[in-house]
Structures are given as structure tokens and as C-alpha cells.
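Trainee: Only the shape, not the letters, is given here:
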């Protein structure tokens, strides 16, 4: 009996040796990751209260990036204490984390882990050297032996709930091989048993974390496997090896290969962009439409008629005359300027105006009437003065800026809208335009940041002659 036992062992060893001797290497084997960033996992080094926004962790090389969404896991129990914790930044020493919101739970130093699981889609592709018979399989073995994503020293690709029996789950796709219901996922292995033979020389693709593929290329990614945490020094890749086998129906190895993949720190790219603002005032010539160069969002088409061209620094409304009897022209003389604003401010800008006071004759002290509230010219042959802005960024309800020719001529009984005019003072500034969404004045927001301003005045027989003047100051405020 002892002799027979020895002979049986010898036979088994001889058979195994023969099978490995015939095994070939798989051809062109590779695993491509959708991201090679390591997961970040580090234990708290001091207790934190639920309303804390600054926490301290062990510097074990884990990098937490702005916009990361972190979890807190109790290592001793595997309990998830909190999720969706927004990371704002990490200190240079890697031991302090600044959060965008309250941490939301009380934590225990040493036991609780701050985790940012980095999931990746794996595209494993190889060409068979030998035929895989029906009932044969492909066996993928990942490094490590446990689904320990909560560990700050995880040395495996955590399967993250992907485990299944009775076939591969929907998160795994394949090309040039069909996996039957005997297939399974059990960390750290994935096995695909083929429903039919696969000829030698077939290029097979297994996509892990992919719900749909075409021609071996993933068309719908659903990254699932969690990358291991960092173990080597900063800037040096951790190398992980995946063992790939093809086997026959009795689980005897046919071909095999080991592929190496690396996970390495993400590279933070930084640049600075200075805040920008351009602010320009342009005069509009006499005999021109008020909306010259600003037809988008500005219908104010009446023609300037002061007899003098406006400049960037001066408006001259010319000689004001009492309106002849029987002609209902409410707005007497008109001049105009165009204001152009551009800024890269994320929250846009506001344009406002102040003035030195009324349009006044400093010799006599008499001034034309006006209002700090946008108002229609009160009637024909009255003294009145003000400005009216028009453009995409002007509030229509405030200034009635949809009006066009009716800004100048009012026909009795007409329902056409009349533009509203106002004049600021030093103590009562006017907001002329605003846009809360930047950037402003570029190809992304066509027409924004352009404001036409009409200056208008009329008089009556009771206004003394003389030279009238005032000063207006425009302020553009970008909102960063």
C-alpha cells in the first residue's frame, strides 16, 4: 500500500508538470485603467465634532484634492459614518484637511478613516495562444485577498460590491467571448466561463466597470473597482500585478500572463488669471441713431438732434427751444453715448451713475427739473432733463427700454410706450445696467456689456436764458 500511494503522488505531480509545460503565454496582454490615481485613506489623529470644518489626519502620503467627495468609515466595524463630505484643500504637510461644509458626525481618533475612494474602469485585453474549449474559462486574479477599502493601507483593488455568483454582473462586459451562468466574481477573482469554444488567436476584451461596449471599447463607463491607496514615495508609482489565465473545462491552465499596472499621484496643475475689467465711453455723433453699435437688445432708434457730436467726455445738448404750439414733442434735444464693459468676473458687473447735481445755471441758480426715479417726460413744452439707458443688461421694467421711436415723439391717444428718464445725484445714484453671470463682453455672451445712454432735455417759456451744466460719473463694478 505504501508503494501504491507513492506511485499515485508521482502520477499526479507528473500530470501537473505536463500541463504547465504545455502552457503558453497570452499575447499582447494589457490592462488599461480609466484613472491611475490612488485612493486616499488616512486615520484621524484627533477627535472631530460634527460641526468642525477643519480636521487632522495622519500624513501617510494620501492626497485629498479640492472638489473630492469624502467618506468617513469606522475601521473597527466597517460602518460608514458620513458621505459626500466636500474637500476644499489640504495643508502642505498633508495632515490638515479643510472642508467645504460641516463634517456632520463626531469622529474617533485612530479608528475613523477619511476615505476618498477612487474608482476606475479596467480594460483587460489579450490574444489567446491556445483554443479555449466550451466550458473553459478565463480567470483574472487581482492582488490582495480582501475587500478592504476602509483600510488606510489597502493593497488590493477593492471590488466595491461587485461580487456575484450565477454569471457576471452588469458592471462587467466582454468582447469576443460570451460568459455563461457558471461565471462568478469573488474578490479578488473574476471568472468568465465560455458558452462556446474560442479559437486560438482571438483577441478577447474584459471590461470591468463598464455596462455597455462596442467592438471591445467601453461606451458606457460605470467605474467600480476601487484603486489601492498610496504605499510608495510621492511621485513614484505603486506597481500591481494581475494574473490572467485561460483554462480548459477541467480548470487546467492553457495559457497565462501577468500584467503590471501602476497607480500614481495625480499632478495638480496651477495657473493664475488676473481679474480683468475694460470700461470705455464712446461719443455718438449728431444725426445718428441712439442704438448705434448696440442693436441687440436696444430698440432706441431715434436720431440725435442736438447739432453737436458727443465725445467720450462731453455731451452738448445744444440750444434748447420752447416747442411750438400744436406740436406734441415731449423730448426736445437728444444726444447719446455708448458704454462698453467687459470683465472676466464670474458674477458679472453693475453699472451705476452719480452726478454733481442738477443741470443748472450757476449764475442764476435755476435748473431744469428732473427725477431720480425713471419717469416719462411730463408733457409737451415743459422743462425736463434726464438720461435713458438701453441694452440687454438694462432692466426693461425700470426704464421701459423696449420703446423705440416713441421715446422721442408722442402721438396723442397712442398706446406706444414712452422711454423713462432719470437723473442721479451724489446722494441718489442710479443703477443703469447689471448682469449677474460672467464673463461679460466676449464671444460667450454676445451683446452683454453694451449700454446706449440717451441724454434728453426740453424747456418752456419760463426757463431763464444762460449756460447750464452738470457733471455725471459712471462707475462699473465687477463682481468677482
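Mentor: Done, it's in. Only a predicted model underlies this, so the values are computations on that prediction, with no experimental measurement involved. Numbering: from 1, shown residues only.

Trainee: can you pull the pLDDT of the residue most central in space within the chain?
Mentor: Nearest to the geometric centre of the chain sits residue 67, at 10.5 Å (CA atoms, centre = their mean). Reported pLDDT at residue 67 in the predicted model: 87.

Trainee: Which residue is the nearest non-sequential neighbour of it?
Mentor: Using CB to CB, 6 or more residues apart in numbering and skipping the chain neighbours, the partner closest in space to residue 67 is residue 87 (7.0 Å). To be clear about C-beta, it is placed using only N, CA and C from the backbone, and glycine gets the same treatment.

Trainee: now residue 297
Mentor: Nearest to residue 297 is residue 392, by CB to CB, 6+ apart, at 3.4 Å.

Trainee: cool, and residue 93?
Mentor: residue 59 (6.3 Å).

Trainee: how much space is there between that neighbour and residue 228?
Mentor: 18 Å (CB to CB, to the nearest Å).

Trainee: Could you list the low-pLDDT ranges of this protein?
Mentor: The chain contains residues with pLDDT under 70 at 1-23, 145-153, 322-330, 379-381, 401-417, 442-446.

Trainee: mind listing the helices in it by residue range?
Mentor: 2-22, 396-399 (DSSP state H).

Trainee: From the structure, what's the count of residues near the residue nearest to residue 93?
Mentor: 14 (other CB atoms under 10 Å).

Trainee: Relative to residue 40, how far out is it?
Mentor: Taken as CB to CB, the span from residue 59 to residue 40 is 12 Å.

Trainee: Can you list the residue ranges for strands in the stretch 301-450 of the chain?
Mentor: 333-343, 349-355, 384-390, 430-435, 450-458 (DSSP state E, counting those that start in this stretch).

Trainee: Redo the ones you listed as TSV? Include mean neighbour count and distance to residue 365.
Mentor: Output for these, formatted as TSV (neighbours: other CB atoms under 10 Å; distance: least, CB to CB, whole Å):
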stretch	mean neighbour count	distance to residue 365
strand 333-343	23	22
strand 349-355	20	17
strand 384-390	27	16
strand 430-435	21	24
strand 450-458	25	18
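
Trainee: a markdown table for the ones you listed, including distance to residue 258?
Mentor: Output for these, formatted as a markdown table (distance: least, CB to CB, whole Å):
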| stretch | distance to residue 258 |
| --- | --- |
| strand 333-343 | 57 |
| strand 349-355 | 60 |
| strand 384-390 | 72 |
| strand 430-435 | 59 |
| strand 450-458 | 65 |
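
Trainee: between these, which gets nearest to residue 171?
Mentor: strand 430-435 (44.9 Å; CB to CB).

Trainee: Compute the inter-axis angle for that closest one and strand 333-343.
Mentor: 40 degrees (axes from the mean of the first three to the mean of the last three CA atoms, to 10 degrees).

Trainee: and for strand 430-435, what are the contacting residues?
Mentor: For strand 430-435, contacts defined as CB atoms under 8 Å, 6 or more residues apart in numbering pick out 348-354, 372, 387, 389, 391-395, 422-424, 445, 448-449, 451, 453, 474.

Trainee: now residue 270: how far from residue 317?
Mentor: On the measure of CB to CB, residue 270 and residue 317 end up 53 Å apart.

Trainee: Those two: which is more packed in?
Mentor: Under the neighbour definition other CB under 10 Å, residue 270 and residue 317 were set side by side, and residue 317 has more, 23 against 4.

Trainee: How about the contacts made by the more buried one?
Mentor: When contacts are taken as CB under 8 Å, 6+ apart, residue 317 is in contact with 306, 333, 334, 335, 455, 456, 457.

Trainee: From residue 65, how far out is it?
Mentor: 60 Å.

Trainee: just residue 268 next, same as before
Mentor: Taken as CB to CB, the span from residue 268 to residue 65 is 7 Å.

Trainee: swap in residue 275?
Mentor: 25 Å.

Trainee: wait, residue 130 sits on residue 201?
Mentor: No: Residue 130 is beyond contact range of residue 201, at 9.6 Å (criterion: CB atoms under 8 Å).

Trainee: Distance of residue 49 relative to residue 475?
Mentor: Residue 49 is 45 Å from residue 475, by CB to CB.

Trainee: got it, and residue 196?
Mentor: 77 Å.

Trainee: burial measure for residue 182, as a count.
Mentor: 15.

Trainee: now residue 110
Mentor: Using other CB under 10 Å: residue 110 sits among 14 other residues.

Trainee: now residue 230
Mentor: 26.

Trainee: With residue 185 instead?
Mentor: 22.

Trainee: doesn't residue 167 make contact with it?
Mentor: No: between residue 185 and residue 167 there is no contact under CB under 8 Å: 9.3 Å.

Trainee: Name the nearest residue to residue 373, sequence neighbours excluded.
Mentor: residue 422 (6.0 Å).

Trainee: What's opposite that neighbour in the beta bridge?
Mentor: Taking DSSP bridges as the rule, residue 422 bridges to residue 387.

Trainee: Equivalent analysis for residue 339, please.
Mentor: Bridge pairing for residue 339 - DSSP bridges - gives residue 281, residue 451.

Trainee: That one contacts residue 351, doesn't it?
Mentor: Yes: counting by CB under 8 Å, residue 339 touches residue 351, with 6.7 Å between them.

Trainee: what residues are shared contacts of these two?
Mentor: The contact sets of residue 339 and residue 351 overlap at 451, 474, 476 (CB under 8 Å, 6+ apart).

Trainee: Put together JSON lines for those residues, with distance to residue 173 on each row.
Mentor: Shown next, in JSON lines, are the shared contacts of residue 339 and residue 351 (distance: CB to CB, whole Å):
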{"residue": "451", "distance to residue 173": "56"}
{"residue": "474", "distance to residue 173": "61"}
{"residue": "476", "distance to residue 173": "55"}
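
Trainee: What is the nearest of those residues to residue 367?
Mentor: residue 474 (21.0 Å).

Trainee: Return the residues in contact with that closest one.
Mentor: Residue 474 touches 279, 281, 339, 351, 352, 353, 432, counting by CB under 8 Å, 6+ apart.

Trainee: Pick out the most distant pair among those residues.
Mentor: Among these, the pair separated by the greatest distance (CB to CB) is 281 and 352, at 14.0 Å.

Trainee: Tell me who's in contact with the residue lying closest to residue 319 once chain neighbours are set aside.
Mentor: In this structure, residue 319 finds its nearest non-sequential neighbour in residue 307, 7.5 Å apart by CB to CB, 6+ apart. Applying CB under 8 Å, 6+ apart to residue 307 gives the contacts 286, 318, 319.

Trainee: which of those residues tops the neighbour count?
Mentor: residue 286 (18 neighbours).

Trainee: Quick check: closest non-adjacent residue to residue 189.
Mentor: residue 141 (5.2 Å).

Trainee: Do I have it right that the one you found meets residue 241?
Mentor: No: using CB under 8 Å, residue 141 is not in contact with residue 241; the gap is 9.3 Å.

Trainee: Comparing those two, which shows the higher neighbour count?
Mentor: residue 141 (16 against 12).

Trainee: From residue 258, how far off is that one?
Mentor: With CB to CB as the criterion, residue 141 and residue 258 are 10 Å apart.

Trainee: tell me, what's touching these two both at once?
Mentor: Common neighbours of residue 141 and residue 258 (CB under 8 Å, 6+ apart) are 242, 243, 244.
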